[in-house]
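1. what follows is a predicted protein model with its sequence.
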Amino acid sequence: MARDYYDALGVSRDAGQEEIKEAYREKARELHPDASDRDDAEERFKEVQKAYDVLGDEEKREAYDQMGHQRFQEAEKQGFDPGEQGGAAGGVGGGGFPGGAAGGFDLGDLFGDLFDMGGRGRGGTQRKRVSLSLEEVYSGATREVTVEGDVDCPDCDGVGADSRDDVTRCPGCDGAGQVRQRQRTPFGETTTVTACPRCDGTGRRVEDPCSRCRGEGKVTDSVSRRVEIPAGVEDGTALQAEIGGQEVLIEIQVEDHEVFERDDSDLHLRRPVTFPQAVFGDNVRVQTIDGEADVEVPAGSQSGEKLRMRGKGLPRLRGGGRGDQYVHLQVAVPDPDNLSSEEREALKEFAEAGGREIEDDGLFDRLKRGVFN
Ligand SMILES: [Zn+2]
Ligand SMILES: [Zn+2]
């Protein structure tokens with residue numbers, strides 16, 4: 001069972017570097033596997049080396065003090081090296097690490113904890129729904145997304161008091177935020193680690209605390225960020241963003257469109273054509289997601305046939321390019337009440353000329369071949 005590094009070296013939490021070094025030398029001599037005949041000498045020796053490696057380095061020691069033994073070890077396992085990353089910590093207050101993880105370890109998480117100094121855990125992932133029109137799916141969009149988050153207290157600039165001198169390490173836990181309690185049980189002595197009652201786990205003691213944040217340095221407030229939504233997103237797409245130091249899942253909702261129906265990156269729309277246009281063919285204007293375009297209706301088109309307009313669909317979220325647009329033709333049957341007398345005469349002539357009946361069986365052949373859809 002790994003012990004607190006101070007315990008391992010047998011020094012107090014306020015020991016100076018000289019004392020730590022001396023304690024290490026002594027322990028190392030005593031526990032060196034070649035010199036000691038204790039069963040656990042090798043293990044203890046490694047423990048002491050590890051303890052000195054951390055406490056003998058001011059930067060690492062500071063991180064260790066702030067995080068506590070267990071969390072420091074977990075962080076180290078995940079690749080945290082305070083010697084290397086220490087410089088980056090200063091940037092945290094500015095808000096926002098570049099997204100993503102370094103070596104499978106989320107730096108934002110770690111430094112978020114560092115800043116809380118071992119106190120409150122951060123809330124879970126927040127979810128926000130963003131509604132987009134199909135036009136915005138085509139062009140991409142930006143949205144101001146607002147969540148409730150911890151922000152630096154505006155009254156004290158995040159210090160928690162008038163001056164930084166008023167903020168010191170909690171004497172109850174020496175800044176660790178945690179205290180160990182030894183308890184005797186029938187099975188021996190056990191140690192439990194709990195949040196320090198004197199500082200509520202913050203590790204800080206604040207003289208004359210700021211009244212607005214009660215010394216915490218943080219207040220809950222709305223945090224906003226403009227989020228870029230890439231073109232081509234689908235209904236239900238979830239985008240991750242970091243807003244005010246917290247992870248936010250942005251769920252995309254795409255509104256129905258009055259003209260277009262969407263199928264992945266393809267768009268479909270209906271286009272009525274007149275009976276003569278269907279018979280003789282025509283060049284017609286159709287709406288597209290980025291303006292109007294011409295499409296050629298071939299002579300002899302039937303109602304329900306679809307014309308493909310390549311590359312006139314939506315951008316593909318992955319892989320680039322655009323989908324296609326499909327124009328579903330609807331041959332409009334004229335309303336007899338709205339026919340001019342000229343049109344009525346022409347249609348009558350058409351009927352009398354033989355157009356009254358669909359006599360050839362070609363239609364049924366084509367139906368069977370599935371030409372109509
Ligand atoms: Zn404390
Ligand atoms: Zn304040």
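-> Here it is on my side, so go on. Ligands and ions are numbered 1, 2, ... in the order given.
2. and Gly79, helix, strand or coil?
-> The three-state assignment at Gly79 reads coil, by DSSP: H, G, I helix; E, B strand; the rest coil.
3. any idea how far it is from ligand 1?
-> As for Gly79, its distance to ligand 1 is 28 Å (criterion: C-beta to the ion, to the nearest Å). For every residue, glycine as well, the C-beta is placed using N, CA and C.
4. show me which residues of the stretch 101-250 of the chain are close to ligand 1?
-> Residues of the stretch 101-250 of the chain lying close to ligand 1 by C-beta under 5 Å from the ion are 170, 172-173, 196, 198-199.
5. derive a ChimeraX selection command for the buried subset of those.
-> A single ChimeraX command selects the buried members of these (16 or more other C-beta atoms under 10 Å):
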select :170,173,196,199
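6. report the lowest-confidence entry in the residues of the stretch 101-250 of the chain next to ligand 1.
-> pLDDT is lowest at Cys199 among these; the value there is 87.
7. now the stretch 1-150 of the chain against ligand 2: closest residue?
-> Closest residue of the stretch 1-150 of the chain to ligand 2, C-beta to the ion: Asp150 (12.0 Å).
8. would you list every one of the helices in this protein?
-> 5-9, 17-31, 41-55, 58-67, 69-77, 82-85, 107-116, 134-139, 275-280, 341-350, 362-369 (DSSP state H).
9. of all those helices, which lies closest to Gly236?
-> Checking the helices of the chain against Gly236 by C-beta to C-beta gives helix 134-139 as the closest, at 12.4 Å.
10. mind listing what's buried along that closest one?
-> Result for helix 134-139 [16+ other C-beta under 10 Å]: buried residues 134, 136-138.
11. and Ser133, how many residues sit next to it?
-> 13 (other C-beta atoms under 10 Å).
12. tell me the contacts of Thr288?
-> Counting by C-beta atoms under 8 Å, 6 or more residues apart in numbering, Thr288 touches 267, 309, 312, 325.
13. please apply the same query to His32.
-> Neighbour list for His32: 41, 45 [criterion: C-beta under 8 Å, 6+ apart].
14. residues from the chain in reach of ligand 2?
-> Within the chain, the positions near ligand 2 by C-beta under 5 Å from the ion are 153, 155-156, 210, 212-213.
15. pLDDT weak spots in this protein?
-> Residue ranges of the chain with pLDDT under 70: 1-2, 33-34, 81-124, 355-373.
16. centroid residue for it?
-> Gln240 (1.6 Å; C-alpha atoms, centre = their mean).
17. from what I see, that one and Glu251 are in contact.
-> No: using C-beta atoms under 8 Å, Gln240 makes no contact with Glu251, being 10.8 Å away.
18. so how far is stretch 135-142 from its chain's centroid?
-> 19 Å (C-alpha atoms, centre = their mean, to the nearest Å).
19. quick one on the thing from earlier: format the contacts of Thr288 as TSV; extra columns: neighbour count.
-> Shown next, in TSV, are the contacts of Thr288 (neighbours: other C-beta atoms under 10 Å):
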residue	neighbour count
Leu267	26
Met309	17
Lys312	21
Gln325	25
